[in-house]
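Asker: Sequence first, predicted coordinates after that:
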Amino acid sequence: MLPKPLLILILLGLFLAAAIILATGMGFLVITPLEVLHILGAKVSGTAVGAEINSAFPFVIMDVRLPRILTAAIVGGGLAVAGAVFQAILLNPLADPYTLGVSSGAAFGASLALVLGILGITVPVLVSVPLFAFLGAIATLAAVFALAAPDGRLSSNTLILSGVIVAAILSAGIGFIKYLADEQVGVIIFWLMGSFVGRTWSDVALTAIFVLPGLLVMLYFGRDLNIMALGGRTADTLGVDSRRVKKILLVGASLITAICVSVSGIIGFVGLIVPHLLRLLLGPDNRLLLPACFLGGAILLLTADTITRAWLPSELPIGVLTALIGGPFFCYIFRKKQLGQR
Amino acid sequence: MAAAVTTRASDSAPLFVISQGCFAYRVANVLQDIDLDLAPGRFYGLIGPNGSGKTTLLDLLTATRSLQSGQISFQGHELEGYSKQELARNIALVPQQFTMGFDFTVAELVLMGRHPHIPRFSNPSVRDLELVEHAMEVMQIETLRHRLITDLSGGEKQRVVVARALAQDTEVLVLDEATSNLDIHHTIKIMHVIRKLVHEEGRTVIAAIHDLNLAAAFCDQLMVLKDGRLFSVGTVQETLTSGLIAEVFQVEAEVQAATVNLPLRLHYTLS
């Protein structure tokens, strides 16, 4: 008999695998799960795909659907882990890359990177966009902290208020960059809405390279994060260097967010909903919660993306869908928190 | 809970020594010219008006803040030289305020006291779990073990926090007004438990206490802070005099000396 946490993670993993295979089959061309498995098996083992399968299917799966699906899954997992870490460090159930303004900061940085090209500064987009997204994310986090707590003590509601204000300014900033750059960078609007349209294997690679090791770093500090729930002063007397852990994890979570935003645009609330629901189900122990959030976030965003891609008559930007679901959820948590404080 | 005996220094050597200790926030000096020797195996009370620097002094002793000038040594070595983990195995803190936003159970929270003793990625040993059990027993919270910390009353929470510090099984226990939110029954109960740690197990307790009668009843030695300076250090009889109370707290008080059955008591004049 396996220990319960491991069993939960295995179940979630199987669920994610099933979701990936089902989603791959869904769309304009319907492909059965068995055919999907057959094609994947053939690609992995290097054998030829059987003649009984439509010759367009391997192309549709390998070059169109799978990169998009895997990107959505990794981004969903990354945002959920970043959200869980922000919540645990800031002791704030409302924190998430979106409500803290980090996502908007990353999107603003990414937009700036594109404008650089117009100004004649040539940096490969594959490097400049994630790099500027990261710088934007870190700068925004610093600005939000400074705004919320001039004396270094963070109160939870002012933190979120500052995050939302800074995010609003940055969104307007992105709109302004788009206005200045005019038609040349029409794609900038993509960062405001969030979308997985046209993702390629290089996006899968970029997100995987940062998000998966990022998750391992977070897991390394899982128990310290639990202890830090007692507050910094107590955590310090329990042998946790809370200031150092805080710094590492805030930078780590911002990096994960920035990489996710640079391939998918701003997708809000995934980092809020997933950790919150899983904490209700599994309890607050970060050693289980963080990997569960990765798998849960992957399942959620993959499902949401499949709905916008395969079910709706015309494609809805995924950021719009998550905000429609996540916004009311945010209100619910906020209300519960306010009632709890009385 | 006898394991700490092996790490105990000889009784003659001082446990903490602070010399010329100063600490300032951005605006003003909070502590000035602190010279202090603390011996092991005593129950020290730290008293003084609000804002006299009690919490800051405790933060210095637990190394959560560092001195701006001067030195602190612990067991003969510079306090700064210890790693966080070494310190956590030797000094535990019971804070006054405790807020917890996450739904940990009581047992999980008490087990957090074993954090500095359990290697990363290891599970708690049998001994870790025994100490957690013992601490819950002593604080009479065994029946709450599966309850969520967020569902407990203030008094229950504080007993859990004390149990967490007991499970840490340290030579030194630092209490920062640990009982000021508790009713008198639980206050006395916790103080008895703490005093037992000192007198039966030879541990050292340093406790900031607001209630002077409570301090008089349980402490061996009192340290009196006034405006960031150490005003007086000595036994209860030596320190709690009408003159000192008037000068440090600006309160008229009559001192009733200790008898065989009763501790020294203060009667304040209400005027």
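Answerer: Received it, and whenever you're ready, just let me know what you need. Numbers count the residues shown, from 1 in each chain, chains lettered A, B, ... in the order given.
Asker: Tell me the first helix or strand C-terminal of whichever helix or strand residue B:205 is part of.
Answerer: Assessed by DSSP states H and E, residue B:205 sits inside strand B:204-208. Using DSSP H and E, the helix or strand that directly follows strand B:204-208 along the chain is helix B:212-218.
Asker: And the contacts of that next one?
Answerer: Helix B:212-218 has contacts (Cβ atoms under 8 Å, 6 or more residues apart in numbering or on different chains) with B:43, B:45, B:47, B:179, B:187, B:191, B:194-195, B:207, B:209, B:222, B:236, B:240, B:245, B:258, B:263-266. The C-beta positions use only the backbone N, C-alpha and C, and glycine is treated the same way.
Asker: go on, stretch B:204-211?
Answerer: Counting by Cβ under 8 Å, 6+ apart, B:15, B:38-47, B:54-55, B:58, B:61, B:171-180, B:194-195, B:197-198, B:215, B:219 sit against stretch B:204-211.
Asker: Which of the contacts of helix B:212-218 fall in helices?
Answerer: When DSSP state H is applied, the contacts of helix B:212-218 are split such that B:187, B:191, B:194, B:195, B:236, B:245 fall in helices.
Asker: and the third one, what does it touch?
Answerer: Listed by Cβ under 8 Å, 6+ apart, the contact set of residue B:194 reads B:43, B:173, B:175, B:205, B:207, B:218.
Asker: ok, how many other residues are close to the second one?
Answerer: Okay, so that is residue B:173. As a burial measure, residue B:173 scores 23 neighbours (other Cβ atoms under 10 Å in any protein chain shown).
Asker: Just grab the bridge partners of it for me.
Answerer: Residues in a beta bridge with residue B:173, per DSSP bridges, are residue B:92, residue B:205.
Asker: and the gap between it and residue B:60?
Answerer: Shown here: residue B:173 relative to residue B:60, a distance of 16 Å by Cβ to Cβ, to the nearest Å.
Asker: Also residue A:329?
Answerer: Distance from residue A:329 to residue B:60, by Cβ to Cβ: 45 Å.
Asker: swap in residue B:38?
Answerer: 12 Å.
Asker: quick one, which of the two is more surrounded?
Answerer: Taking other Cβ under 10 Å, residue B:38 and residue B:60 do not tie; residue B:60 has more neighbours (24 against 19).
Asker: before we move on, the earlier item: now the contacts of residue B:194 in TSV, please, with extra columns for pLDDT.
Answerer: Listed next are these as TSV, based on pLDDT from 0 to 100:
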residue	pLDDT
B:43	96
B:173	96
B:175	95
B:205	96
B:207	96
B:218	94
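Asker: Let's see the helix or strand of chain B with the lowest mean pLDDT as CSV, backbone CA atoms only.
Answerer: Here the helix or strand of chain B ranked lowest by mean pLDDT, DSSP states H and E is strand B:16-24, holding a mean of 84. Output of strand B:16-24 as CSV, limited to C-alpha atoms (Å, rounded to 0.1, in the frame of the first residue of the first chain):
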residue,chain,number,x,y,z
PHE,B,16,24.2,34.4,27.8
VAL,B,17,26.5,37.4,28.1
ILE,B,18,25.7,40.7,26.6
SER,B,19,28.2,43.5,26.8
GLN,B,20,27.7,47.1,25.7
GLY,B,21,24.7,46.0,23.7
CYS,B,22,22.9,48.7,21.7
PHE,B,23,20.1,48.5,19.2
ALA,B,24,18.3,51.3,17.4
